[in-house]
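>>> Got a predicted model here, sequence first, then my questions.
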Amino acid sequence: MKKKPILVVMAAGMGSRYGGLKQIDPVGNHGQIIIDYSAYDARRAGFETIVFIIKHEIEDAFKEAIGNRLSKIMDVRYAYQDLNDLPEGYSVPEGRTKPWGTSHAILAARDVIDAPFAVINADDYYGPEAFKEIYNYLSTHEDDDKYRFAMVGYLLKNTVTENGSVARGICVENADGTLASVTERTKIETYENGIHFTEDDGKTWTDVAPDSVVSMNLWGFSEHFVGEAKTRFAAFLDKALVENPLKGEYFLPSVVSQLIEEGKATVQVLRSTDKWYGVTYKEDKPVVVKAIAEKTAAGLYPDNLWEE
């Protein structure tokens, strides 16, 4: 029997741009945080199990803010992203405090991921449509001679902020709607003529089309992805420890791209027309609060999500 898909939530990020634990900052009228709305949408779509990847340091605050509340209505599991969780023979470079990135976060959950899974960021609002799309995909597709993964794509113009730069995976699609490539651009900004990105700290900028499809880290994977991320981690470290020991990150798109290039995986690009909301910066928060209030007033969410 096919296993029911589970939802994996990456909540270990330090919130460096935001200046605080943005994962547990309320945006709703009754102390709800962004994850409450994602969990509500995920539950409506069919998900019953949620895995939170957090850091040990925020465990108590996190459980108080969200975990305990959700555990009454979903099967809640925890995994802990730890800087020292490295393959044998590797150690953390002196002075490094930054986590090892999104693929490493998934590795942290290797013992609790036991089914096809969707991945999301904790501090992003994806909208109900995205969860329905990914749940339906994971429920109806299985790996065959290739891994059959999926992602929900958003239009770049719907995912930028006027308060600073953002990191996004810029996608190129094949004619059949599968992903040809995804490239992580870590510094994308709006400016008066459109949207552009830099790879050299602002010395040079490259324009990017506002209608480009981007990944917001809403992926649908089979369990096999975890093993692939594990086997490729050492090669990532060999490069990063030389080139960027303090800040190099093992991103999900880089593992996905390798698997596509090697012909081992296809990634179906699902579409969401929902506007994405996130709190990369503190200044973004009022926009999210307003959007949630409007959606609640329109009947998309109850005012108090989890009222008995």
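Now that the structure is in, tell me what you want to look at.
>>> State which helix of the protein is the longest.
helix 224-243 (DSSP state H).
>>> buried sites along that helix?
F225, V226, E228, A229, K230, R232, F233, F236, L237, A240 (16 or more other CB atoms under 10 Å). C-beta: built from backbone N, CA, C; applies to glycine.
>>> Residues in contact with the helix or strand just after it: which ones?
Per DSSP states H and E, the first helix or strand lying C-terminal to helix 224-243 is helix 252-261. Contacts to helix 252-261, defined as CB atoms under 8 Å, 6 or more residues apart in numbering, come from residues 102-103, 106, 119, 147, 149, 151, 169, 179-184, 215, 217, 219, 225, 228-229, 232, 236, 265-267.
>>> Dump the very next helix or strand once past helix 252-261 to PDB, keeping only the CA atoms.
The helix or strand immediately downstream of helix 252-261 is strand 265-271, counting by DSSP H and E. C-alpha atoms of strand 265-271 as PDB (Å, rounded to 0.1, in the frame of the first residue of the first chain):
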ATOM      1  CA  ALA A 265      15.300  12.200 -11.800                       C
ATOM      2  CA  THR A 266      12.500  14.200 -13.400                       C
ATOM      3  CA  VAL A 267      10.900  17.100 -11.600                       C
ATOM      4  CA  GLN A 268       7.300  18.000 -12.600                       C
ATOM      5  CA  VAL A 269       6.800  21.800 -12.300                       C
ATOM      6  CA  LEU A 270       3.400  22.400 -10.700                       C
ATOM      7  CA  ARG A 271       2.000  25.900 -10.700                       C
END
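>>> Kindly state the beta-bridge partners for R148.
For R148, the beta-bridge partners are T266 (DSSP bridges).
>>> That one and Q268 touch, don't they?
Yes - at 7.3 Å, R148 counts as touching Q268 under the criterion of CB atoms under 8 Å.
>>> for the helix or strand harbouring Y78, which positions count as buried?
Per DSSP H and E, Y78 falls inside strand 75-80. Across strand 75-80, burial judged by 16+ other CB under 10 Å covers V76, R77, Y78, A79, Y80.
>>> Each with direction, which strands does the longest strand seen in the chain pair with?
When secondary structure is assigned using DSSP state E, the longest strand within the chain turns out to be strand 179-191. Using DSSP bridges, strand 179-191 pairs in its sheet with strand 166-173 (antiparallel), strand 194-197 (antiparallel).
>>> Run through who's touching it.
By CB under 8 Å, 6+ apart, the residues outside strand 179-191 that reach it are 151, 156, 160-162, 164-174, 195-199, 201-202, 208, 215, 251, 253-254, 256-257, 260-261, 266-269.
>>> what do you get if the cut-off is 7 Å, keeping everything else the same?
For strand 179-191, contacts defined as CB atoms under 7 Å, 6 or more residues apart in numbering pick out 151, 160, 162, 165-174, 195-198, 208, 215, 251, 253-254, 256-257, 260, 267, 269.
>>> Take that strand, keep the C-alpha atoms, and write them as CSV.
What follows is strand 179-191, C-alpha atoms only, in CSV (Å, rounded to 0.1, in the frame of the first residue of the first chain):
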residue,chain,number,x,y,z
LEU,A,179,12.4,21.0,-14.8
ALA,A,180,15.5,21.4,-17.0
SER,A,181,17.6,23.2,-14.4
VAL,A,182,17.3,25.3,-11.2
THR,A,183,20.0,27.7,-10.2
GLU,A,184,20.1,29.2,-6.7
ARG,A,185,20.6,33.0,-7.0
THR,A,186,21.4,34.3,-3.5
LYS,A,187,21.0,38.0,-4.1
ILE,A,188,18.0,39.1,-6.1
GLU,A,189,16.7,42.6,-5.8
THR,A,190,14.0,44.8,-7.3
TYR,A,191,15.1,48.2,-8.9
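>>> Neighbour count: R148 and Q268, which is higher?
Neighbours per residue, other CB atoms under 10 Å: of R148 and Q268, the larger number sits with R148, 20 against 17.
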